[in-house]
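Enquirer: Okay, sequence plus prediction incoming.
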Amino acid sequence: MLQHRASHLAAFFKWLQQQDGYRRLNASLHGYFALPRKQMAKALVLPPKAYPTIDEAISLVKNMPARTLMEQRNRAIVAFAFSTGLRAGALITLKMKHLDIEAERVLQDGTQAHAKNGKSYWVKWFIGTEPLQSISIAWVESQPHRGFSANDALFPAGTQLSVQASGHNPINPMRTISAVSEAFLIASAGVKQNYTPHATRHSLKVLGDQLCRTPEERQAWSGNLGHENEIVTQTHYGKMPPERRSELMDQINASPTGSSVNNELMLDYYQHRLIRGTPSFKKAKRLADEREQMYDGVVIE
């Protein structure tokens with residue numbers, strides 16, 4: 001984005017120097033907008049984000065030890081992260097009262113949680129993560145039996161996991177995300193890749209790509225991740241590896257339903273159901289333009 005804007009500014013000043021009244025400007029002025037190559041090279045060579053598929057995540061969580069209360073809490077943290085997509089900072093500040101088990105949702109309260117941009121919204125547990133939800137629910141339902149109540153932290157610190165007496169002072173949330181990071185390290189112990197807490201959001205983005213069938217469903221999925229629109233989700237999360245892209249292209253070429261899918265996409269485009277700037281919008285516009293160009297050359301007698 002920065003490089004794109006700098007190039008436009010350079011082009012503007014180069015044009016300006018040729019206009020009447022501005023020819024005295026320094027001829028090399030536009031060159032000042034050239035960004036340092038070394039710094040830009042660092043920005044362009046970012047390693048791909050590592051994230052598991054949801055099936056892999058389920059396997060990771062199920063293989064985590066769960067003998068002690070600490071181990072059960074750690075497993076519940078990872079399961080809950082993959083079920084909701086909440087960031088580590090929001091996870092540690094959740095309280096029991098933020099859970100609505102019956103409605104299968106959790107409140108990210110920006111006034112209390114360490115939420116990005118102070119955002120408050122209800123997060124519906126993601127479809128396709130049901131085995132992880134079961135582990136999360138088991139932890140939530142076990143907490144009252146140990147004396148925890150609505151104002152207590154959902155994931156207490158290790159020193160506060162023991163049974164609490166009735167009428168106790170509220171158990172405050174943890175102050176750092178170190179326990180969440182540690183839980184993910186434990187979950188990754190059996191694989192070659194160390195997944196970070198933020199990997200859950202990439203995994204859920206890819207799951208959404210597989211499950212969502214309409215632009216409206218994709219918009220809802222993005223909103224459930226806390227994004228303002230689908231463009232944020234598509235731009236920053238779950239980038240597709242080149243090998244998978246090549247594999248899918250082969251499948252599309254061999255698929256007899258490719259044309260019907262394209263027709264549905266164009267129909268969404270003409271009925272203004274697609275979000276401008278998204279990959280779906282761009283593809284639909286290209287298909288519509290190609291069809292219009294094809295018919296422009298047809299003479300109907």
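Expert: Everything's here; your move.
Enquirer: Give me the below-cutoff pLDDT ranges for the stretch 151-300 of the chain.
Expert: Under the criterion pLDDT under 70, the flagged ranges of the stretch 151-300 of the chain are 164-166, 227-262, 279, 294-300.
Enquirer: who's in contact with residue 121?
Expert: Residues counted as contacts of residue 121 (CB atoms under 8 Å, 6 or more residues apart in numbering) are 107-108, 223, 226. (Each C-beta comes from the backbone N, C-alpha and C, glycine too.)
Enquirer: try 10 Å this time
Expert: 105, 107-110, 115, 223-224, 226 (CB atoms under 10 Å, 6 or more residues apart in numbering).
Enquirer: can you check residue 79 too?
Expert: Going by CB under 10 Å, 6+ apart, residue 79 touches 57-58, 60-62, 64, 129, 131-139, 183, 187.
Enquirer: and it, what are its phi and psi?
Expert: Main-chain dihedrals, residue 79, degrees, to the nearest 10: phi -60, psi -40.
Enquirer: same check, this time on residue 124
Expert: phi -80, psi 140.
Enquirer: Next one: the closest residue to it other than its chain neighbours from residue 23, what distance?
Expert: Nearest in space to residue 124, with sequence neighbours left out and distances taken as CB to CB, 6 or more residues apart in numbering, is residue 105 at 4.9 Å. Relative to residue 23, residue 105 is positioned 64 Å away (CB to CB, to the nearest Å).
Enquirer: And these two? Which one has more around it.
Expert: residue 105 (16 against 10; other CB atoms under 10 Å).
Enquirer: these two touch, right, that one and residue 86?
Expert: No. Applying CB atoms under 10 Å, one finds residue 105 not in contact with residue 86, separated by 11.5 Å.
Enquirer: Out of the contacts of residue 121, which sit inside helices?
Expert: 223-224 (DSSP state H).
Enquirer: which residues of this structure fall in helices?
Expert: Along the chain, the stretches classed as helices by DSSP H are 2-16, 37-44, 54-62, 69-84, 88-91, 130-142, 178-187, 199-211, 215-224, 230-236, 242-254, 258-270, 279-296.
Enquirer: chain center to the first one: distance?
Expert: With CA atoms, centre = their mean, to the nearest Å as the basis, helix 2-16 stands 32 Å off its chain's centre.
Enquirer: Which other helices and strands does that helix contact?
Expert: helix 37-44 (3 or more CB pairs under 10 Å, 6 or more residues apart in numbering; DSSP states H and E).
Enquirer: quick one: average confidence on the helix it packs on?
Expert: For helix 37-44, mean pLDDT rounds to 56.
Enquirer: Please indicate which of the contacts of residue 121 are buried?
Expert: With burial judged by 16 or more other CB atoms under 10 Å, the buried subset of the contacts of residue 121 is 105, 107-109, 115, 223-224, 226.
Enquirer: List just the nearest of these to residue 5.
Expert: residue 226 (26.6 Å; CB to CB).
Enquirer: With adjacent residues omitted, what lies nearest to residue 140?
Expert: Here the residue nearest residue 140, using CB to CB, 6+ apart, is residue 99, at 5.6 Å.
Enquirer: Near residue 169, how many other residues are there?
Expert: So residue 169, with other CB under 10 Å, has 8 neighbours.
Enquirer: One more: the one 5 residues further on?
Expert: Other residues within reach of residue 174, judged by other CB under 10 Å, total 18.
Enquirer: tell me the contacts of it?
Expert: For residue 174, the contacting residues are 91-93, 153, 155-158, 160, 180, by CB under 10 Å, 6+ apart.
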